[in-house]
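# give the three-dimensional model of this entry:
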Amino acid sequence: MTSKVVKVAAIQAAPVSFDLEKSLEKVATFTAEAAQFGADLVVFPEGFLSAYPWRYAFDTTIGAREPRGRKWYAKYYNSSISISSPEFDNLRAIAENNDVFLSVGIIEKDGATLYCTAVLINRQGKLLSTHRKLIPTAAERLVWGRGAGDGLKVVDTELGKVGGLICWENYMPAARLTLFQQGIEIYIAPNADDLPSWIASMQHIAKEGRCFVISVNQFCKVSDFPADYPPFMPDHHDRQPNGSPWTPDAVLNRGGSCIVGPLGTFIDGAEPVWDKEQIVYAELNMDYLVEARMDFDSVGSYSRPDIFSLKVNTKAAVNVSLEE
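Now for the predicted structure:
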């Protein structure tokens, strides 16, 4: 019997920040390239549609909000994407036209609120899952709303059981365990963290969950943002870590995208990639999952349900409910 192999592609690139139309064009271009190389699953980083707002809290300090920041927040909102929109229909068409599963980190607008969201779309252009980041990190909390338990889903697909968490919510043990309990096999981790410790975390999660982990991050520079983006303007207080002014070629995020096997080691050819735009490919031999779980299974032989239990509220969080 032939082993099942799934080919995946992690897109280490940057969007055209604050420009949804051009960012969608980049999704289409990279997806087509990955599909030509035989990818079954194509994965994009956190906030790819259409910006992770690097180094900018929209001119907000404790007790004060400045008019310029409100105007830039409006630009950010207008370049985000609604699940029920023609732009999202375009995203679904990209998956269908290229015959791939597509996972994209989006800035989702729902009413007046923005969410940092990851979506999974199948080969037929059907939306399979929507996961909103449970807890935005640090200053992100001003910009993005909080997700709910209804997004903690693992989807059973022809590729395997697919799910994931966004950036630092991967450090939430209960959130990871929720995915492990659903038998996750392909764990997607879109992020904006280029620290070496992040790579160690990805290896740990793969080994802990005995699953494949796809860690995908942007490689982005100042030139990926509008020329008048406030943090990089000469009159702004922000500077590069070395104290010098920002230049168009200055790197904001080094990347580090990689794909890890269920024993915590990198898949051949999918080691961390730094300081360049690149598609990271890997072939996932699904038999390795069974092999890895022979001696450790976090929700099987090692689960000890007589001692430990996890209760998860999977209901959607509704801010306003009108009852007659």
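
# three-state assignment of Ser129?
Three-state call for Ser129 (DSSP: H, G, I helix; E, B strand; the rest coil): strand.

# show the pLDDT at it.
pLDDT for Ser129: 98.

# quick one: residues contacting it.
Counting by Cβ atoms under 8 Å, 6 or more residues apart in numbering, Ser129 touches 119-120, 151, 153, 155, 163. All C-beta atoms are positioned from the backbone trio N, CA, C, and that covers glycine.

# can you add secondary structure and neighbour count and give the residues you listed back as CSV?
CSV is the format used below for the contacts of Ser129 (DSSP: H, G, I helix; E, B strand; the rest coil; neighbours: other Cβ atoms under 10 Å):
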residue, secondary structure, neighbour count
Val119, strand, 23
Leu120, strand, 24
Gly151, helix, 21
Lys153, coil, 19
Val155, strand, 17
Gly163, strand, 26
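
# and of the residues you listed, the nearest to Ile62?
Nearest to Ile62 among these, counting by Cβ to Cβ, is Gly151 at 29.9 Å.

# just the CA atoms of stretch 303-314, as CSV, please.
Output of stretch 303-314 as CSV, limited to C-alpha atoms (Å, rounded to 0.1, in the frame of the first residue of the first chain):
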residue,chain,number,x,y,z
SER,A,303,-3.7,11.6,28.4
ARG,A,304,-4.6,10.3,31.9
PRO,A,305,-8.3,11.3,31.8
ASP,A,306,-8.7,9.9,35.3
ILE,A,307,-6.6,12.8,36.4
PHE,A,308,-6.9,15.6,33.8
SER,A,309,-9.8,17.1,31.9
LEU,A,310,-10.3,20.1,29.7
LYS,A,311,-13.6,21.9,29.2
VAL,A,312,-14.0,24.2,26.2
ASN,A,313,-16.8,26.6,25.5
THR,A,314,-17.3,26.3,21.7
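
# any buried residues in that stretch, and which?
Ser303 (16 or more other Cβ atoms under 10 Å).

# what strand or helix carries Glu291?
helix 287-292 (DSSP states H and E).

# now do Ala118
Residue-wise, Ala118 maps onto strand 113-121 under DSSP H and E.

# and that strand, what other elements does it pack with?
helix 86-98, strand 101-110, strand 127-132, strand 186-191 (3 or more Cβ pairs under 8 Å, 6 or more residues apart in numbering; DSSP states H and E).

# go again using 7 Å as the cut-off
Contact analysis of strand 113-121 by 3 or more Cβ pairs under 7 Å, 6 or more residues apart in numbering; DSSP states H and E lists helix 86-98, strand 101-110, strand 127-132 as its packing neighbours.

# the first one to strand 113-121, inter-axis angle?
By that I understand helix 86-98. 20 degrees (axes from the mean of the first three to the mean of the last three Cα atoms, to 10 degrees).

# so who does Gly164 touch?
Residues near Gly164 by Cβ atoms under 7 Å, 6 or more residues apart in numbering: 118, 187-189.

# and His42, how close does it get to Pro245?
That one is not His; residue 42 is Val. For Val42, the distance to Pro245 (Cβ to Cβ, to the nearest Å) stands at 36 Å.

# looking at those two, which one has more neighbours?
Val42 (28 against 12; other Cβ atoms under 10 Å).

# what's next to the helix or strand hosting that one, contact-wise?
Using DSSP H and E, Val42 maps to strand 41-43. Residues outside strand 41-43 that contact it (Cβ under 7 Å, 6+ apart) are 6, 8-11, 31, 34, 100-103, 159, 188, 214, 216.

# now that strand: mean pLDDT?
Strand 41-43 comes out at a mean pLDDT of 98.

# give me the sheet partners of that strand and which way each runs.
Take DSSP bridges as the rule and strand 41-43 pairs in its sheet with strand 5-12 (parallel), strand 101-110 (parallel).

# wait, which of those strands is closest to Lys276?
strand 5-12 (7.7 Å).

# got the end-to-end distance for stretch 70-86?
End-to-end span of stretch 70-86 (Cα to Cα, to the nearest Å): 26 Å.

# now it: how far from the chain's centre is it?
18 Å (Cα atoms, centre = their mean, to the nearest Å).

# just stretch 286-296 next, same as before
With Cα atoms, centre = their mean, you get 26 Å for stretch 286-296.

# for it, buried residues please.
Those would be 286, 288-289, 292-293, for stretch 286-296 by 16+ other Cβ under 10 Å.

# between the contacts of Gly164, which sits nearest Ser197?
Of all the contacts of Gly164, Ala189 has the smallest distance to Ser197: 13.9 Å, by Cβ to Cβ.

# next one: that closest one, what pLDDT does it get?
pLDDT, read off for Ala189, is 98.

# against Val154, how distant is it?
14 Å.

# give me the more crowded residue out of those two.
Between Ala189 and Val154, counting by other Cβ under 10 Å, Ala189 is the more crowded of the two (29 against 22).

# what bridges to the closest residue to that one other than its chain neighbours?
Spatial nearest neighbour of Ala189, excluding adjacent residues (Cβ to Cβ, 6 or more residues apart in numbering): Ser215 at 4.8 Å. Using DSSP bridges, the beta-bridge partners of Ser215 come out as Ala189, Cys258.

# done for today, thanks.
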